[in-house]
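> quick one: sequence plus predicted model below, questions after.
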Amino acid sequence: MVNTLTVGFIHLFLCSLDVGRQLPPPFSKEKAMQCPNCKSDRIDKKNYGKRTGTVVGAVAGAAGGAKTGAALGLVAAGPVGAVAGSIAGSIIGALTGGTTGGMIGAKAGEVVDEHVLDNYHCLNCGHDFSA
Ligand SMILES: [Zn+2]
């Protein structure tokens, strides 16, 4: 029962990430990028690493957080409310763990984006390049 709830929650969490991902990418206000191929400034930032890192981090964090939360719920609620307490605890744990994990994963992915991948995509000519 705990596991079903936890999995359901992780699913919800990932779906909310998906919704965010489908929004049109905001044009970068950090710095004006220019395509090295055609000099267009219609540049899309792909953020593959950041997106992957967010999801991986959120899942890892939620799994770890749910475990910790279940244990905390058990302790806090005592033997009488142990089941209800551990369920609530695992949900809270997944929430905080998933959020924290997602943030850490996003940061790690950002580093990958900046240094490893061709993170920029020209909307004018389709050229991929890194910063
Ligand atoms: Zn171009």
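Looks like it came in fine.
> which residues in this protein form helices?
Here the chain has its helices, by DSSP state H, at 2-22, 48-77, 82-115.
> so what's the nearest residue to Gly64 once chain neighbours are set aside up against?
Distances taken as Cβ to Cβ, 6 or more residues apart in numbering place Gly97 nearest to Gly64, at 5.3 Å, with adjacent residues excluded. All C-beta spots, glycine's among them, are computed from the backbone N, C-alpha and C. Gly97 sits next to 61-66, 68-69 when contact means Cβ atoms under 8 Å, 6 or more residues apart in numbering.
> one more time with 7 Å
Contacts of Gly97 were listed using Cβ atoms under 7 Å, 6 or more residues apart in numbering, and they are 61-62, 64-66, 68.
> do the same with Arg42
By Cβ under 7 Å, 6+ apart, Arg42 lies in contact with 122-124.
> and those as a markdown table, adding distance to the ion?
A markdown table is the format used below for the contacts of Arg42 (distance: Cβ to the ion, whole Å):
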| residue | distance to the ion |
| --- | --- |
| Cys122 | 3 |
| Leu123 | 8 |
| Asn124 | 5 |
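> of the residues you listed, just the buried ones, PyMOL syntax please.
Command for PyMOL that selects the buried part of the contacts of Arg42, burial taken from 16 or more other Cβ atoms under 10 Å:
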select buried, resi 122
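> how about the residues of the chain by the ion?
Residues of the chain lying close to the ion by Cβ under 5 Å from the ion are 35, 37-38, 40, 122, 124-125, 127.
> got any ranges where this protein has weak pLDDT?
The model of the chain has pLDDT under 70 over residues 1-31, 74-82.
> who are the contact partners of the closest residue to Leu72 other than its chain neighbours?
Distances taken as Cβ to Cβ, 6+ apart put Gly89 closest to Leu72, at 4.9 Å, once the chain neighbours are dropped. Applying Cβ under 7 Å, 6+ apart to Gly89 gives the contacts 69-70, 72-74.
> great, nothing more from me.
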